[in-house]
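A.B. asks: quick one, fold the following:
(2 chains)
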Protein chains: 2
Amino acid sequence: MSNIKVEPKTLPGFMELLPNDQIRFNEIKEKIQKSYEKFGFLPLDTPIIENAEVLLAKAGGETEKQVYRFNKGDSDLALRFDLTVPLAKYVAEYYGELSFPFKRYQIGKVYRGEKAQAGRYREFYQCDIDIIGDGTLSIMYDAEIPSVIYTTFKNLGFENFTIYINNRKIFNGMFEHLGLNEKSVDILRIIDKIEKIGKDKVIFELEKLGLDEKQIDTIVKFLEISGTSDEKLEALKKLNIDNEVFNTGVSELEAVINQIRMYKVPEKNFEVNLSIARGLDYYTGTVYETFLDDYRKLGSVCSGGRYENLAEYYTDKKLPGVGISIGLSRFFYQIDKENILENENKSISKVLIVSMSKNEISYALDIANKLRDNGINTETFLEDKKLKAKFKYADKLHIPYVAVIGEEEVKTNTVTLKNMETGEQRNLDIENLIEEIK
Amino acid sequence: MSNIKVEPKTLPGFMELLPNDQIRFNEIKEKIQKSYEKFGFLPLDTPIIENAEVLLAKAGGETEKQVYRFNKGDSDLALRFDLTVPLAKYVAEYYGELSFPFKRYQIGKVYRGEKAQAGRYREFYQCDIDIIGDGTLSIMYDAEIPSVIYTTFKNLGFENFTIYINNRKIFNGMFEHLGLNEKSVDILRIIDKIEKIGKDKVIFELEKLGLDEKQIDTIVKFLEISGTSDEKLEALKKLNIDNEVFNTGVSELEAVINQIRMYKVPEKNFEVNLSIARGLDYYTGTVYETFLDDYRKLGSVCSGGRYENLAEYYTDKKLPGVGISIGLSRFFYQIDKENILENENKSISKVLIVSMSKNEISYALDIANKLRDNGINTETFLEDKKLKAKFKYADKLHIPYVAVIGEEEVKTNTVTLKNMETGEQRNLDIENLIEEIK
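C.D. replies: Here you go, the predicted structure:
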């Protein structure tokens, strides 16, 4: 019973919410989960701690610096920094027991020791789906992903968002055509920033990289392709870049676009965007980014793409895949700050039951039981407080109804139900009470 | 693209499930969550990493040795080893913004570097509820807890389980009466083992502790009190241990038992058990343990109790509380191993849609869309494989229905639906398809 107190402080960069916000956060998380399940993705829940050797088999550079890595006994451990590496480990480890295409979702916390700043978290939720093929994976799955994105954001209450789609082979084919293969990663990094820095700066940076005028010209011409998705596809075909990689890229992109239409994703919610590269050299085909049309400054809220080989660091098996990720913690921070989704008051309980005195407790608990049996989340206030304090409690917790029980209610086998929003009070029997609250 | 592979190995002591088991695990987790919410508990999701100073303010001995503790930059960090300490920190930190009694649940992973052995995990889920009072907390909440336990295990599909209830003040009063105050913690630890080691060994250990015959006699007499809960309460009153602590304990226990009845918890599911102490010196009043009647060897599957002061290491505010915890990972391991709950085959998808050729893909995706719009989790198999392979996929994933679409089905605007369990096949239009699968 020391009197010296430790300051109860949550670490900077770690999201911790008050109950009302936590309810909102969980609702979004659950909607994402339900959307993923609608397409048959299977749940996974891999450990947060892994062997550092396993987790960092591929990593390097920035990632490795950010990783939480430590020893426990003789073990060199690390906290997962994404959900893709654990998936690669999982598929390689349990390969023989999985069915392919292996479709899984995972919603969980990952850890990066980044500089703490507003909206950047060191512990944050990622909501991932991936479809992994055994040896091969049909391009048709590349069209299922945008359909999942569409369903997810629709379920979250959004109407105005655009899924941008591109194919890395188009870039790669063009670079091959221009003899710029070796610089392709650098060029892609530059092009990827066009939304942020604009065309002129992109040209400037390409010059700095040593590209000649003709090369830059072709790239700019390429970047200036505009119009509808179909118009862009036509323009690509007219560029006369006749090599196999480029042609494959264009025909894959065309196939994906056509098939997205079969999924009945509205035209306004997807679009070919030839400037999207996804900085990482990880993606090899289709790539996606998703923007909220009215809040473009948020950046992409859901990104991903197709990769050649998920688990090459663990197995010789070729495991191509396609997937996306939503950075939920950051997304929640953003939509909360910008007031994008209705910042409603939320409650777990539908009704708070209060009794006027101890004499009515038994009757009150009985009513509570019946409501719960009817699927209604019901809370009973059991502290010996004034009625006013009980109403204040319901009010602070945004509980929509308060059922008051006094001598009279017990006698008549009813409750007096107050609608906390309208202030309306009604005397109801149990059947009508259930109906009213439901 | 190195050819030297890292072995994809999950750490020992870390649970990682195959998809079918993961679905089962998640169902149990969700049922626990829904049960907690039925009583109005609010969700919390505190960070897994905390300042070591904060997390270990109280800890010592065994706990401290097991904690995952490490440095990142200048920070001395630790992974949470339970959900109670983070709750204490949370309530102290956000005291002014919470409503009391503060009822929260938290379901999350905690970390203890224990010796790895079957059913003991280093990363495991705890499912906690606690009710925290501001200054005081009515004893009536001590009766709500068993009602939540009852509802939870009922919802999990159990009928035969017993919630054992005791009150630490009864022990404490007796020890005071016997002049054994100073040895009370040791005595409680011994008594707590009576289920495991039997009466004789308890006597032996009490002798070793230096108790005299008369003292042991009273304790044994006390431990031998038997009968119904009411008979035990009567027997306690007749022990003539007349001190305030003892009398308070008996009357609190009586009040809790009487009120549990108001919650309509069946008599067979709860019982006064005077031997339960809960080893920890943390609890100060009511204590709970829960046993599955047919699997007593599993030990308590849900335990907890009343404590005087949740957050004394962080604040001067007095915050009494009552709560319980279910160790979900271990519980799942046990019920899985013992085959206690039906080990059913589970599926996320209700139906797999397969088309005979590429010509029917558009129609197939349309059907899939319609099913999803009707709330049915629907998967489409898009790989170009033989029909047999597609059925095998559905079979391995335990998907209950396969909808086959060929030329004929497109022409007649139907699907051929196979019930994978009965083998029955029917040709259905979309309305009947939805109805059949729902």
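A.B. asks: poorly predicted segments of chain A, please.
C.D. replies: Applying pLDDT under 70 to chain A picks out residues A:1-3, A:59-60, A:279-281, A:343.
A.B. asks: which residue is the nearest non-sequential neighbour of the residue nearest to the spatial centre of it?
C.D. replies: In chain A, the centroid-proximal residue (Cα atoms, centre = their mean) is residue A:326; its distance is 2.4 Å. Sequence neighbours aside, residue A:127 is the residue nearest to residue A:326 in space, at 4.3 Å (criterion: Cβ to Cβ, 6 or more residues apart in numbering or on different chains). C-betas here are computed from N, CA, C, even on glycine.
A.B. asks: which strand or helix spans that neighbour?
C.D. replies: Residue A:127 is part of strand A:123-132, with elements assigned from DSSP states H and E.
A.B. asks: what's the spacing between that strand and its chain's center?
C.D. replies: 7 Å (Cα atoms, centre = their mean, to the nearest Å).
A.B. asks: just the CA trace of it, in CSV.
C.D. replies: Once non-C-alpha atoms are left out, strand A:123-132 reads as follows in CSV (Å, rounded to 0.1, in the frame of the first residue of the first chain):
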residue,chain,number,x,y,z
GLU,A,123,0.7,-0.2,-32.4
PHE,A,124,-2.0,-0.3,-35.0
TYR,A,125,-4.6,-2.5,-36.5
GLN,A,126,-4.3,-3.9,-40.0
CYS,A,127,-7.2,-5.5,-41.7
ASP,A,128,-5.9,-7.8,-44.5
ILE,A,129,-7.2,-10.2,-47.0
ASP,A,130,-5.1,-12.3,-49.3
ILE,A,131,-5.8,-15.0,-51.8
ILE,A,132,-2.9,-17.4,-52.2
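A.B. asks: which is the next helix or strand following that strand?
C.D. replies: Elements were assigned by DSSP H and E; along the chain past strand A:123-132, the next helix or strand is helix A:141-155.
A.B. asks: okay but residue A:349 is in contact with residue A:399, surely?
C.D. replies: Yes: taking Cβ atoms under 8 Å as the contact criterion, residue A:349 and residue A:399 are neighbours in contact, 4.9 Å apart.
A.B. asks: any common contacting residues for these two?
C.D. replies: Here residue A:349 and residue A:399 have A:379, B:40 as joint contacts, going by Cβ atoms under 8 Å, 6 or more residues apart in numbering or on different chains.
A.B. asks: around chain B, pick out the residues from the stretch 251-400 of chain A.
C.D. replies: Remark: the part of the stretch 251-400 of chain A in contact with chain B comprises A:259, A:262-264, A:311-316, A:348-349, A:352, A:361-362, A:365-366, A:369, A:372, A:377-380, A:382-384, A:393, A:396-397, A:399, using Cβ under 8 Å from any Cβ of the partner chain.
A.B. asks: quick check on the residues you listed: which are buried?
C.D. replies: Among these, those classed as buried by neighbour count (16 or more other Cβ atoms under 10 Å in any protein chain shown) are A:259, A:262-263, A:311-315, A:348-349, A:352, A:361, A:365-366, A:369, A:372, A:377-380, A:382-383, A:393, A:397, A:399.
A.B. asks: those residues in strands, which ones?
C.D. replies: Assigned to strands by DSSP state E, the following of these qualify: A:352, A:378, A:379, A:380.
A.B. asks: ok, those residues vs chain B, which is closest?
C.D. replies: Of all these, the one with the least separation from chain B (Cβ to the nearest Cβ) is residue A:379, at 3.0 Å.
A.B. asks: that closest one against residue A:400, yeah?
C.D. replies: No: using Cβ under 8 Å, residue A:379 is not in contact with residue A:400; the gap is 11.7 Å.
A.B. asks: now for those two: what residues contact both?
C.D. replies: Looking at what touches both residue A:379 and residue A:400 (by Cβ under 8 Å, 6+ apart), the common residues are residue A:351.
A.B. asks: on that earlier part again, run through the residues that contact the residue nearest to the centre of chain A.
C.D. replies: When the contact criterion is Cβ under 8 Å, 6+ apart, the partners of residue A:326 are A:32, A:126, A:127, A:128, A:152, A:301, A:302.
A.B. asks: can you add distance to residue A:12 and give the residues you listed back as TSV?
C.D. replies: Rendered in TSV, the data for the contacts of residue A:326 read as follows (distance: Cβ to Cβ, whole Å):
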residue	distance to residue A:12
A:32	26
A:126	20
A:127	24
A:128	26
A:152	30
A:301	24
A:302	27
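A.B. asks: now the residues you listed in CSV, with distance to residue B:232 and neighbour count?
C.D. replies: Conversion of the contacts of residue A:326 to CSV gives the following (distance: Cβ to Cβ, whole Å; neighbours: other Cβ atoms under 10 Å in any protein chain shown):
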residue, distance to residue B:232, neighbour count
A:32, 50, 23
A:126, 52, 20
A:127, 51, 23
A:128, 54, 23
A:152, 56, 24
A:301, 60, 22
A:302, 60, 24
